[in-house]
Every structure is written in C-alpha cells, then in structure tokens.
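Student: Structure for this input, please:
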Amino acid sequence: MDQTLQALLDEREITRGLSRFARILDTKSWDDLGDVFAHDLTFDYGTGGEQQGIETLRTLMRSFLDKCGGTQHLLGSILIDVDGDRATSRAYVQARHQRVDDHTGPVVDSNGEYVDQWMRRPEGWRIVRRDSLWATHSGDPAIIGAGPDDLR
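Tutor: Residues are numbered from 1 along each chain as shown. Got it, this is the predicted structure:
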C-alpha cells in the first residue's frame, strides 16, 4: 500500500481512538479504556506525577468522574504525526462537568491539551504515553471528585 495512504488511514484510526476516549469518559464506560490505551501505558494527568498502568488510569478517571453528573469532553485542533508503527497526537480538550441531578446548576470546566504517544499493537493503535497539559479550570470544583483518595 502507498505510504501516504497508510499514513492517512493511521491518522483516521488515531482520530477515532481519541473520539472513542471522549465517549468512554462521558458514558463512564470504564471497562472500555483498553480500546484506546495500552495496558502498560505511562501517564501524567497533571495531578502531581507520573503514573503507570491502565488500572491506575481507570481508578484516576473514576475518582474524578463517578462523583459528578453529566459530562461532555470535546477534543479538537488535532494534530497527528505518524512514523511507521509510532505516532504522536496533540488534541485540545474542553471538558464540562455537571453536578449530579442538577441540570441547570453550576458546572466545572477544564481546558487543556492531551499529548499522546501511540504504538501500533496487534489489536490496533493504542496510547502508550499521555501527558495532560491543563491551561484552565473554572467553576465549582466540588462537582468532580478530588482524585484517587476520594474514590469510595
């Protein structure tokens, strides 16, 4: 297959992976994180240090989002560079979180960028490294969980 066509197909699969991730968060489908992330991933979600493993990521996501009501994670301005079986993506993220059972009440918004390192694995493209670069947080922080120590 032509190298250019393969790169376009790879970019499409990675873009779909990013979209899948946003929907996993918004539906709280925690068991599906393996559809996007490698089990041996490393990450820094801007919470104070590097972490490792999909179970740690799952715990982190649940600790923030299981407490809140509806969310919407929007990804845009996506840039993807493919180099063989490796790729780097950069995507702006805007995340809105509502209080449980309060559709007209306060929200908390987070804005930043996901910088991801991808590898082609037998099951498809998977994120092996994520760095979350947060630019702003606004609104009522009590709407989301406080982090892993807050998980009940």
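
Student: use CA for all of it now, contacts and neighbours both
Tutor: Will do.

Student: show me what contacts the spatially most central residue of the chain?
Tutor: By CA atoms, centre = their mean, the chain has its centre lying nearest to residue 21, at 5.5 Å. Shown in contact with residue 21 (CA atoms under 8 Å, 6 or more residues apart in numbering): 33, 36.

Student: Looking at it now. What's its pLDDT?
Tutor: Looking at residue 21, its pLDDT reads 98.

Student: swap in residue 1?
Tutor: The score at residue 1 is 57. That number is its pLDDT.

Student: Grab the longest helix from this structure for me.
Tutor: Criterion DSSP state H: the longest helix present in the chain is helix 3-27.

Student: could you say which helix or strand contains residue 48?
Tutor: Using DSSP states H and E, residue 48 is not contained in any helix or strand.

Student: can you pull the buried residues of stretch 73-88?
Tutor: Applying a neighbour-count criterion of 16 or more other CA atoms under 10 Å, one finds 73, 74, 75, 80, 82, 86, 87, 88 buried in stretch 73-88.

Student: Mind telling me what element the fourth one is part of?
Tutor: Counting by DSSP H and E, the element that carries residue 80 is strand 71-83.

Student: between that strand and helix 3-27, how many degrees?
Tutor: 160 degrees (axes from the mean of the first three to the mean of the last three CA atoms, to 10 degrees).

Student: And for strand 71-83, what's in contact with it?
Tutor: For strand 71-83, contacts defined as CA under 8 Å, 6+ apart pick out 7, 10-11, 14-15, 18-19, 22-23, 25-26, 87-98.

Student: Could you rerun that using 6 Å?
Tutor: Identification of contacts with strand 71-83 by CA atoms under 6 Å, 6 or more residues apart in numbering yields 22, 26, 87-97.

Student: so which pair among those is furthest apart in space?
Tutor: 87 and 97 (29.9 Å; CA to CA).

Student: Kindly check the end-to-end length of stretch 79-94 for me.
Tutor: Using CA to CA, to the nearest Å, one end of stretch 79-94 lies 16 Å from the other.

Student: Stretch 40-49 too?
Tutor: Stretch 40-49 has its terminal residues 17 Å apart, counting by CA to CA.
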